[in-house]
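> Predicted model and sequence follow; I will ask about them next.
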Amino acid sequence: MSMSQKVPEERPTLYIAVPCYNEEEVLPETVSRLSDVLSDLIKKQRIAPTSAMLLIDDGSKDQTWPMIKGFFETHPTVRGLKLARNAGHQNALYAGLMHAKEQADIVISIDADLQDDLNAIEKMVAKYHEGYEVVYGVRESRMTDTFFKRSTAQGFYTMMKKMGANIVFNHADFRLMSKRVLEELSSYQERNLFLRGIVPMIGFKSAEVYYSRSERFAGESKYPLKKMLAFAFDGITSLSVTPIRYVTGIGLVMFAISLIVGIYSIVHHFMGYAVAGWTSLIMSIWLIGGIQLMCLGLIGEYIGKIYKETKQRPKYHVESVLDDKANESRNSIKVLDKREGSKPANLDKIELDLINQRISHLRLK
């Protein structure tokens, strides 16, 4: 039987991971539309009835978390995860993916602003049924972006490619990943996360689904220019050491420019157009000083990343979980812990497998 002809018993459980930061204005519409998508896919028997959306509150300061709690009570397809503080978009998304991989067979990540086309979700699931384990949502065009944003985005992707980073052009964080891919992703322990660059490193059979991106449904963008530039620079320095190698090239280029400017200054000096000694002094101070500061700043960026990695601090802290399936598993382990006097915090993989077998046995009884 081909993978595109799976029987209903093999329908995968889908979790849609949605990072949220101050999204109270758009959240009701997001929940409504994603609920419709999940219901439609369940009716078409493309996914299991246990499928759900996971809303990850990244330390929001508005009513995002109270709204998620309310949706959890009233919508059977809503799950919630609250981080103890704002950990950043990539860390919040990673937290959601790590939670979802324990509950689902496939996970689709998408932003809460409804700019990504929800109709592409069904296409992604179809690609999974065809045997693909990673499906990238790729924008067909950037006509909805401003000229500045479109130009800088295209330049960013081109630069990343030239630096050797294997990223998908015009792809952000709208993607499907199988449980096996997420297990491999969990082995990447770096603190400086840039998921759109890390996921292609994992490998496995992948495909692309193209869609048109819309305007933000409501609220304000959480990525102003300053954050976008910082995110782009983080991505470059997290995935490639090429910028450090460019330091040598920049030094050579600036040396050549200084020679040309030096000759120009000497000519002007003999023609009587310059104050004696001023040109050479200012030129040398500004040129060498500027190059040194730029190179030190770039090297310092990499040293700072090394500093963060050596501390091995957690990427995030989970404050609350709203997920019946996850809570049921935790409670079952606690019951077995009391009965057998075991210590789940110190269990290895074999012992956890035995516990899962006992849980299944208890449920059968």
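Now that the structure is in, tell me what you want to look at. Predicted model only: the values in this text are computed from it and were never measured.
> Only C-alpha atoms from now on, for both contacts and neighbour counts.
Will do.
> All the strands of the stretch 1-150 of the chain, residue numbers only.
14-20, 52-57, 78-83, 106-109, 134-139 (DSSP state E, counting those that start in this stretch).
> Need these in JSON lines (columns: mean neighbour count and distance to Arg196).
Below are the strands of the stretch 1-150 of the chain laid out as JSON lines (neighbours: other Cα atoms under 10 Å; distance: least, Cα to Cα, whole Å):
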{"stretch": "strand 14-20", "mean neighbour count": "28", "distance to Arg196": "15"}
{"stretch": "strand 52-57", "mean neighbour count": "28", "distance to Arg196": "19"}
{"stretch": "strand 78-83", "mean neighbour count": "24", "distance to Arg196": "22"}
{"stretch": "strand 106-109", "mean neighbour count": "26", "distance to Arg196": "11"}
{"stretch": "strand 134-139", "mean neighbour count": "24", "distance to Arg196": "10"}
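> Doesn't Asp173 belong to a strand?
Yes: counting by DSSP: H, G, I helix; E, B strand; the rest coil, Asp173 is part of a strand.
> returning to that earlier point: turn the strands of the stretch 1-150 of the chain into TSV, including distance to Leu182 and mean pLDDT.
Output for the strands of the stretch 1-150 of the chain, formatted as TSV (distance: least, Cα to Cα, whole Å; pLDDT from 0 to 100):
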stretch	distance to Leu182	mean pLDDT
strand 14-20	12	94
strand 52-57	15	94
strand 78-83	18	94
strand 106-109	9	94
strand 134-139	10	90
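> Nearest to Thr158, out of the ones you listed?
Of all the strands of the stretch 1-150 of the chain, it is strand 134-139 that lies closest to Thr158, at 15.4 Å by Cα to Cα.
> in its sheet, what does the closest one sit against?
strand 171-178 (antiparallel), strand 206-211 (parallel) (DSSP bridges).
> which one of these is the most hemmed in?
strand 171-178 (a mean of 22; mean count of other Cα atoms under 10 Å).
> Pull out the CA atoms of that strand and give them to me as PDB.
What follows is strand 171-178 as a C-alpha-only set of coordinates in PDB (Å, rounded to 0.1, in the frame of the first residue of the first chain):
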ATOM      1  CA  HIS A 171      10.300  30.600   3.700                       C
ATOM      2  CA  ALA A 172       9.800  31.700   7.300                       C
ATOM      3  CA  ASP A 173       8.400  29.500  10.000                       C
ATOM      4  CA  PHE A 174       5.300  28.100   8.300                       C
ATOM      5  CA  ARG A 175       6.100  24.400   7.900                       C
ATOM      6  CA  LEU A 176       5.100  20.800   8.700                       C
ATOM      7  CA  MET A 177       7.400  18.400  10.500                       C
ATOM      8  CA  SER A 178       6.900  14.800  11.400                       C
END
